[in-house]
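Peer 1: here's a sequence, model it:
(one chain, ligands or ions: 1)
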Amino acid sequence: MSAAYDTLLLIVADGVRPDVLREEMAAGHLPRLAARAARGVYTEVSSCFPSVTGPAYAPFMMGRFPASVGLPGLRWFDRARAVASWPSYARSYVGPEIRLLDDDLHLDAPTLLELATPSVAGSTLLGRGARGDRHPGRGWAWAARAFLPHFRGDLQGWRRVEQLVVDRVLGHLRRERPQFTVMSFLTPDKFAHAFGARSTEVRTSLRDIDAFVGETETIAARDGWLDRLHVWLVADHGHADVSQHDELADGVREHGLRVLSHPKLWVRNPEAAVMVGGNAMGHVYVELPHRQRPWWPALDTRWTEMHDALVTRESVDLVSVAVDAQTVRVSHATRGSARITRSDAPSGAARDGSRTDAHRWSYRFESGDPLSLGAELHEVTGDEAWAASARGDYPDAMVQLADVVPSARAGDFVLSAATGWDLRDKFEPTPHRSTHGALHRDQIMVPLLLDVVPSRAPQRSADVMPSVLARLGLPVPGGLDGRSFLG
Ligand SMILES: [Zn+2]
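Peer 2: The predicted structure follows:
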C-alpha cells in the first residue's frame, strides 16, 4: 500500500534545444517522454539572463531570476568582498567552486528541495536542501570521479559518471519514494559544445533520459505508485552555433588596464574584472576598490570611451549599464540605445503576491530600439512584457535586464554576445562549436514537457517552481518571479 502523497520527477535536460527534443520524440526515439507529453503538453518557455547552467537553475528550482537571489553569472566579481575570498574576490562555478553556489544564494528564497521533502537531487548545480547521499553528483568523491573526464574532454567518461548518479537516484526512488526528485542530465550540454546542439551525439544522449523515465516508471509500477508519479522536463538554457571566439579580457586589456579574469587571478591592483560565463555573456567591473557599485552616471567619464568601444566590438551585441536601481540603459551598435525601467505596480493591482505582479516595466527609445521590440512600452505588466518580446529576437529581455543589470553583484557593463560569437577564446578544456549565455532567442528558449494540462500557457522557466508545489498540493511562497500555470 502506497503512502498518500504524490512524487514529482523533474528532469533537467541541460542545454537541450526545444526543436531537437521535439524532433527526437516525433521520430519515436523517446517513447516514454512522448507518452508523458501526450497526456499533457510539450511547449517552449523563456529561461533567464544569463542563459547559463548554474544561474539558470534558479528559475525552476527557486521560482526566482538568478541575479535576485545572488547569482548574476557563472563567474562574477564580489565587489562587496562579502563571500568570495582574497586575493581575487572572484567567483567561478566552473570547477571546485561549484560547491559554494548553494551558500552564495540568498537565504530568504527557498528551493524546491527545501519545500517538497523528502527530496533528492542528482547532479543538480543548485542543490540547497539536498545534502550528502541525497545529492549524488555533488561532493569531493564525485568531483574526483568527474575530474579527468572534464579536463581531458572525455565525454563518454563523463556520461559513465552520470549513469552512476542515475543509479543512486533510482536507489532513492526504490527505497523511500521522495516527494520531489530532480535529475540533471549534463551530457547533452557537453556534447552540444563539442559537436553542435543539433548533432547526433546530443540526440543519442537524450535516450539516457528516456531510459531513466522508463526505469522510474518500472519501480513505481512494481511498488504501486505509478498513478502518483508525475514526470516533467525542463532545460536551463538553449544553444546556438558559434564559430568566432573573442577573448574579451584581452579586449579590455587593450585599454591599458590591469585586468582580472579567470584563470589569471593573481593581478596586483587590478583596474577591471572581466567575468565571462556561458560563454556568450560577460560582466565587466570597473573601479574595483569601491565596495558598493556606482551607478552609471557616477562613473568616471573615462569609462564612457570603454562603453562605446564595447558597443562597437564585433563580438558584442548588447551592452547594458545601470543608470540607477530601477533603470537600465541598453545599447546596440547600429540600433541605438533605449531605457528600461522597472517600477512598482499601482497599489491594489497585485493579484497573486508574486514579485512579477508587484512590478511594471517601461521601454523608452533614447536613440533607437536595441531590443527590436518595434514600439515603446509604458508600465506594462509581467505578462504584457513577456508577450511583447516572446516571438522576437530577445524573449523576455526587458524583464531580465531590469533584474540583472542593477543587481548588487552585477558588473558595471553587462554584455550579451553577437550571433556566432562568444567571449572566451583561451583556457577552455573542450572546443566550443555551440554556445549559450546571451539574450538571443536560440539561447533563451527552452523545452518544457508536462504530463498534465496547464490552465494557462507557461511563459517562463520560473513558472515551473510554483507549479511543482501546486501539483504536489504544497503552499506556494510569496515574492516569486514565476507564477503557477496550474489552476
Ligand atoms: Zn554549456
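
Peer 1: would you map the helices across the stretch 301-450 of the chain?
Peer 2: Assigned by DSSP state H, counting those that start in this stretch, the stretch 301-450 of the chain shows helices spanning 302-312, 382-389, 397-404, 441-444.

Peer 1: list the contacts of the longest helix seen in the chain.
Peer 2: The longest helix of the chain (DSSP state H) is helix 200-222. The contact list for helix 200-222 (C-beta atoms under 8 Å, 6 or more residues apart in numbering) reads 7, 9, 11, 13, 16, 20-21, 23-24, 29-33, 36, 155, 159, 162-163, 166, 169-170, 173-174, 183, 185, 187-188, 191-192, 194-196, 226, 228-229, 231, 233. No exception for glycine: its C-beta is placed from N, CA and C like everyone else's.

Peer 1: ok, now with 6 Å
Peer 2: 9, 11, 24, 30, 32-33, 166, 170, 173-174, 185, 187-188, 191-192, 195, 226, 229, 231 (C-beta atoms under 6 Å, 6 or more residues apart in numbering).

Peer 1: what about Arg228, neighbour count?
Peer 2: Residues within reach of Arg228, counting by other C-beta atoms under 10 Å, total 16.

Peer 1: distance of it from Leu448?
Peer 2: 22 Å (C-beta to C-beta, to the nearest Å).

Peer 1: and the contacts of helix 200-222, which are buried?
Peer 2: For the contacts of helix 200-222, a burial check counting by 16 or more other C-beta atoms under 10 Å picks out 9, 11, 24, 30, 32-33, 166, 170, 173, 185, 187-188, 191-192, 195, 229, 231.

Peer 1: picking that back up, reformat the helices of the stretch 301-450 of the chain as a markdown table; add mean pLDDT and mean neighbour count.
Peer 2: Shown next, in a markdown table, are the helices of the stretch 301-450 of the chain (pLDDT from 0 to 100; neighbours: other C-beta atoms under 10 Å):
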| stretch | mean pLDDT | mean neighbour count |
| --- | --- | --- |
| helix 302-312 | 95 | 16 |
| helix 382-389 | 96 | 20 |
| helix 397-404 | 98 | 27 |
| helix 441-444 | 98 | 26 |
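
Peer 1: list just the one of the ones you listed that sits closest to Leu148.
Peer 2: helix 441-444 (29.2 Å; C-beta to C-beta).

Peer 1: for His193, which non-adjacent residue is closest in space?
Peer 2: Among residues not flanking His193 along the chain, His432 sits closest, at 5.2 Å (C-beta to C-beta, 6 or more residues apart in numbering).

Peer 1: next one: that neighbour from Ala192, what distance?
Peer 2: The value you get for His432 to Ala192, if C-beta to C-beta is used, is 10 Å.

Peer 1: now swap in Leu105 and tell me
Peer 2: Distance from Leu105 to Ala192, by C-beta to C-beta: 26 Å.

Peer 1: what does Glu23 give?
Peer 2: Distance from Glu23 to Ala192, by C-beta to C-beta: 14 Å.

Peer 1: repeat that for His29.
Peer 2: To Ala192, His29 is 17 Å away according to C-beta to C-beta.

Peer 1: so where's this protein shaky on pLDDT?
Peer 2: Along the chain, segments meeting pLDDT under 70 span 1-3, 350, 429.

Peer 1: and it, what are its domains?
Peer 2: The chain breaks down by automatic domain parsing into domains covering 7-70+105-239+441-471, 242-433.

Peer 1: and the ones you listed, which is most packed in?
Peer 2: When the domains of the chain are scored by mean count of other C-beta atoms under 10 Å, the highest mean neighbour count falls to domain 7-70+105-239+441-471 (a mean of 21).

Peer 1: how far out from the middle of the chain is that one?
Peer 2: 12 Å (C-alpha atoms, centre = their mean, to the nearest Å).

Peer 1: stretch 308-320 now?
Peer 2: Per C-alpha atoms, centre = their mean, the centroid offset for stretch 308-320 relative to its chain is 22 Å.

Peer 1: ok, and what's touching that stretch?
Peer 2: 246, 328, 330-333, 401, 405, 413-418, 421.
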